[in-house]
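Peer 1: Here is my input; please provide its structure:
(chains A, B, C and D)
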Number of protein chains: 2
Amino acid sequence: MSDPTARVLELLSLLQTHRFWPGGELAERLGVSHRTLRRDIDRLRLLGYPVDATPGVAGGYRLAAGAHMPPLLLDDDEAVAIAVGLRAAAGAAVAGIEETSVRALAKLDQVLPDRLRRRVGAVHANVVPLRWRDHAGPTVDPEALALLSLACRDREQVRFDYERRDGEASSRLAEPHQLVSAGRRWYLVAWDVRRGDWRTFRVDRLARPRLAGARFPPRPVPGGDAAAFVARSLASMPTRHRVELVVHGPADAVAATARYLGGDVEPIGDGRCRVTMRGDSIEWLALAVAEMAMLHQVELDGPPELVGEMARLAGRLTTLVAAAG
Amino acid sequence: MSDPTARVLELLSLLQTHRFWPGGELAERLGVSHRTLRRDIDRLRLLGYPVDATPGVAGGYRLAAGAHMPPLLLDDDEAVAIAVGLRAAAGAAVAGIEETSVRALAKLDQVLPDRLRRRVGAVHANVVPLRWRDHAGPTVDPEALALLSLACRDREQVRFDYERRDGEASSRLAEPHQLVSAGRRWYLVAWDVRRGDWRTFRVDRLARPRLAGARFPPRPVPGGDAAAFVARSLASMPTRHRVELVVHGPADAVAATARYLGGDVEPIGDGRCRVTMRGDSIEWLALAVAEMAMLHQVELDGPPELVGEMARLAGRLTTLVAAAG
DNA sequence: AGGGATGCGGTCAGATCCTGGCCGCAATCA
DNA sequence: TGATTGCGGCCAGGATCTGACCGCATCCCT
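Peer 2: The predicted model follows:
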């Protein structure tokens, strides 16, 4: 491997897998003379990657943090770990970075060797249950997110099967423009080619997405803002379960619990807050209220079905305790 | 930028940020002739990165998935997203990949520019509360994990403050050999230099870890297996809260819930399973039992303090429901 | 069916660079 | 103080890289 390009890449890789390298060892590994190694190190520095060097008997080279990111050279395991972490982050509605997670995942996915993609799938299957599971409604397939994100970026048409809210399924051909995450849910804003109009698609109701192979020119989203478009589409939909609580306790503690449970907090003075939580699953909401009630004093003014569910939970627990006591 | 090395790196970067590039545009961006661009593409292919090309009027180049990972060239946002995802994964005891996550995080951390590291910290502060919060005991600082992982890898001594189980604090100088994750907890197996013996340190009780600047030769871990060493150390410790439930329901459904809650499942026939859960926080255990009880029929044979806690919860809920109804 | 745009690969000549070897110097550690 | 290591200058020969030109294949659109 006498090509300087390959050598510099390998040098970067070596510097990333061990902090310290004595110059002699590096030169030997790369199969070049000591002098040439120094020149390669210089080249790296010219490229903006700061390589520290220590003289003296225990000297050597190390890669330090610089002004910008060097290319990351990952081994298989690390790539899998990153993919799994990103998939989890993308599915978890991690405030503020979901979209970037998906973008990074798409970038990784594009070059991830098949064998690693299989491993990621296997690991992910064991990871997701550790989190919210189906409490927050159907989960989004991160693979689909990655594919759609790539398609948006590269302006490639996609085909997929879509099941409407009323249950009717159809096959679609669309020009994807933007992914929008709202809470725990993802929406795709796309131009539906066959229907000749803009649509928003819920990603969790979309099956077998695949690239159609054709590219398309950009087209202005109505209103110029995809997020606003989704918001408008959502506003025309019936609302789901929703509960309001009055919680007694210091605002920051309540806010911490509420954020953990995915609720909104609004202080209403007098050491109390109004907490609003939404959810698809009445069971999940009941548990969230129970958790809030365990940590703080709570007044519930909820919808009847939630009160009923909580009564059922309270009854079950009472029975359970009675049997155990 | 006429250096071929830099050019190839930039070419890789361009290919990763857009799937399709017409040759002409690439050539212009890189400031080289068309012919030279083709040669650079060839070089990438020789290096093992498969670059697909499409002839024809809408032709261009694209980077495909190959046999091994190409260097990942991330922009700032993506690097932050990956760091956040990895920190979350490392802290979540994601089955089977925690250690790799930490390794990847360490690699990233080593070259992460400061401004990005600050952003990661800020985002992470808003992310962690979305997860288990303090339910599962003190959280581990992913920054510390990354640093310790680097120190293990590069065999650098570390200093840190450590608080023993009995509350006594001391300053330590250690030669770190291995990080071991057990459940939601991390342990560092290290040679304590001042005491001249092997120790295991709980990472969440360790403060201000920093590199001591000295390197050390490897030293065989007693028994040859760090994980076993930790297990032996743990075996000599008193156990924490623990609860056993008998759960009625199909084994796989119960197993799914239990895995989500972090419990162990053992089918005992007759459509029942024994579920064992452990935790530091009695409140968290009570909630976990409540959640299990909501989804399945449960018999509790728990420790009295847990029964008491559950009685308290049941009472609170009953009051809450009565007030709401 | 044909034309245009695009990618592929060959060849060539000149300029550029890369490499290894040598030197003296500075910093660090024992 | 001496040994080890990194740094940078210098040099000469050889490898390479570059841009230019060419004909060819493929694909899409007209």
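Peer 1: just the helices in the stretch 151-300 of chain A please.
Peer 2: A:226-235, A:251-261, A:282-295 (DSSP state H, counting those that start in this stretch).
Peer 1: how close does the closest residue to DNA strand D within the stretch 1-150 of chain A get to DNA strand C?
Peer 2: Closest approach between the stretch 1-150 of chain A and DNA strand D, counting by C-beta to the nearest atom of the strand: residue A:23, at 2.6 Å. All C-beta atoms are positioned from the backbone trio N, CA, C, and that covers glycine. Distance, residue A:23 to DNA strand C, using C-beta to the nearest atom of the strand, to the nearest Å: 12 Å.
Peer 1: ok, how many other residues are close to that residue?
Peer 2: When neighbours are counted by other C-beta atoms under 10 Å in any protein chain shown, residue A:23 registers 15.
Peer 1: How about the contacts made by it?
Peer 2: A:34, A:37-38, A:59-61 (C-beta atoms under 8 Å, 6 or more residues apart in numbering or on different chains).
Peer 1: Which ones among these map onto helices?
Peer 2: A:34, A:37-38 (DSSP state H).
Peer 1: Report the buried members of those.
Peer 2: Among these, those that count as buried by neighbour count (16 or more other C-beta atoms under 10 Å in any protein chain shown) are A:37-38.
Peer 1: I'd like to know how many residues surround the residue in the stretch 151-300 of chain A that chain B sits nearest to.
Peer 2: Across the stretch 151-300 of chain A, no residue is closer to chain B than residue A:154, which sits at 3.8 Å (C-beta to the nearest C-beta). Neighbourhood size, residue A:154 [other C-beta under 10 Å]: 17.
Peer 1: List the residues that contact the closest residue to it other than its chain neighbours.
Peer 2: For residue A:154, ignoring the flanking residues on the chain, the nearest one in space by C-beta to C-beta, 6 or more residues apart in numbering or on different chains is residue B:19 at 3.8 Å. With contact set as C-beta under 8 Å, 6+ apart, residue B:19 has these partners: A:110, A:150, A:153-154, A:156, B:62-63.
Peer 1: Secondary structure of residue B:19: a strand, I assume?
Peer 2: No: using DSSP: H, G, I helix; E, B strand; the rest coil, the assignment for residue B:19 is coil, not a strand.
Peer 1: Tell me, what's the model's pLDDT at it?
Peer 2: On pLDDT, residue B:19 comes in at 77.
Peer 1: Repeat that for residue A:149.
Peer 2: Looking at residue A:149, its pLDDT reads 88.
Peer 1: And for residue A:120?
Peer 2: For residue A:120, pLDDT reads 83.
Peer 1: Equivalent analysis for the one 3 residues further on, please.
Peer 2: Residue A:123 is assigned a pLDDT of 71 by the prediction.
Peer 1: just to revisit the earlier point, mind checking how far the residue nearest to residue A:154 is from residue A:159?
Peer 2: 17 Å (C-beta to C-beta, to the nearest Å).
Peer 1: Enumerate the beta-bridge partners assigned to the residue of the stretch 201-325 of chain A found nearest DNA strand C.
Peer 2: Among the residues of the stretch 201-325 of chain A, residue A:215 lies closest to DNA strand C, at 12.9 Å counting by C-beta to the nearest atom of the strand. Listed by DSSP bridges, the beta-bridge partners for residue A:215 are residue A:156.
Peer 1: Check whether it really touches residue B:58, as I assumed.
Peer 2: Yes: using C-beta atoms under 8 Å, residue A:215 is in contact with residue B:58, at 6.7 Å.
Peer 1: got a pLDDT number for the residue in chain A sticking out farthest from the centre?
Peer 2: No residue in chain A sits farther from the centre than residue A:57, which is 46.6 Å out by C-alpha atoms, centre = their mean. Predicted confidence (pLDDT) for residue A:57: 79.
Peer 1: before we move on, what about residue A:237?
Peer 2: In the predicted model, residue A:237 carries a pLDDT score of 59.
Peer 1: need the contact list for the one residue sitting closest to the centre of chain A.
Peer 2: Centroid-nearest residue in chain A: residue A:90, 1.2 Å away (criterion: C-alpha atoms, centre = their mean). Contacts for residue A:90 (C-beta under 8 Å, 6+ apart) come out as A:98, A:101-102, A:105, A:140, A:142, A:145.
Peer 1: Now do the host helix or strand of it, average pLDDT.
Peer 2: Per DSSP states H and E: residue A:90 is located in helix A:76-91. Here helix A:76-91 scores 83 as its mean pLDDT.
Peer 1: right, is the following helix or strand past that helix up against chain B?
Peer 2: Downstream of helix A:76-91, the first helix or strand assigned by DSSP H and E is helix A:98-111. Yes: part of helix A:98-111 sits near chain B under the criterion C-beta under 8 Å from any C-beta of the partner chain, namely A:100-101, A:103-104, A:107-108, A:110-111.
Peer 1: about what we covered before: okay, the residue nearest to the centre of chain A and residue B:66: tell me how far apart.
Peer 2: Residue A:90 is 24 Å from residue B:66, by C-beta to C-beta.
Peer 1: Repeat that for residue A:146.
Peer 2: Relative to residue B:66, and taking C-beta to C-beta, residue A:146 is found at 17 Å.
Peer 1: higher neighbour count, these two?
Peer 2: It is residue A:146, of residue A:146 and residue B:66, that has more neighbours when counted by other C-beta under 10 Å, with 26 against 17.
Peer 1: tell me what the helix or strand containing the more buried one is packed against?
Peer 2: In the assignment (DSSP H and E), residue A:146 maps to helix A:142-154. With contacts taken as 3 or more C-beta pairs under 8 Å, 6 or more residues apart in numbering or on different chains; DSSP states H and E, helix A:142-154 sits against helix A:76-91, helix A:98-111, strand A:156-163, strand A:169-182, strand A:206-215.
Peer 1: How about residue A:169: what's its closest non-neighbour residue?
Peer 2: Excluding the flanking residues, the one nearest residue A:169 by C-beta to C-beta, 6+ apart is residue A:163, at 4.7 Å.
Peer 1: residues touching that neighbour, list them.
Peer 2: So residue A:163 contacts A:169, A:205-207 (C-beta under 8 Å, 6+ apart).
Peer 1: Can you flag the buried ones in those residues?
Peer 2: residue A:206.
Peer 1: farthest-separated two in the contacts of residue A:163?
Peer 2: The widest separation within the contacts of residue A:163, taken as C-beta to C-beta, falls between A:169 and A:206 and amounts to 10.6 Å.
Peer 1: Now the common contact residues for those two.
Peer 2: A:161-163.
Peer 1: just curious, which of those residues is nearest to DNA strand D?
Peer 2: Looking across the shared contacts of residue A:169 and residue A:206 and measuring by C-beta to the nearest atom of the strand, the closest to DNA strand D is residue A:161, at 24.7 Å.
Peer 1: Could you check how far the residue nearest to the closest one when sequence neighbours are not counted is from DNA strand D?
Peer 2: The spatial neighbour of residue A:161 that comes closest, neighbours along the chain excluded (C-beta to C-beta, 6+ apart), is residue A:207 at 4.3 Å. Counting by C-beta to the nearest atom of the strand, the gap from residue A:207 to DNA strand D is 27 Å.
Peer 1: can you pull the contacts of residue A:207?
Peer 2: For residue A:207, the contact set (C-beta under 8 Å, 6+ apart) comprises A:160-163.
Peer 1: Which among those residues count as buried?
Peer 2: Among these, those classed as buried by neighbour count (16+ other C-beta under 10 Å) are A:160, A:162.
Peer 1: And the furthest pair within the contacts of residue A:207?
Peer 2: Those two in the contacts of residue A:207 that are separated most widely, counting by C-beta to C-beta, are A:160 and A:163, at 10.3 Å.
Peer 1: residues shared between the contacts of those two?
Peer 2: Common contacts of residue A:160 and residue A:163, defined by C-beta under 8 Å, 6+ apart, comprise A:206-207.
Peer 1: Which residues belonging to stretch A:49-61 are considered buried?
Peer 2: For stretch A:49-61, by 16+ other C-beta under 10 Å, it's A:49, A:51, A:60-61.
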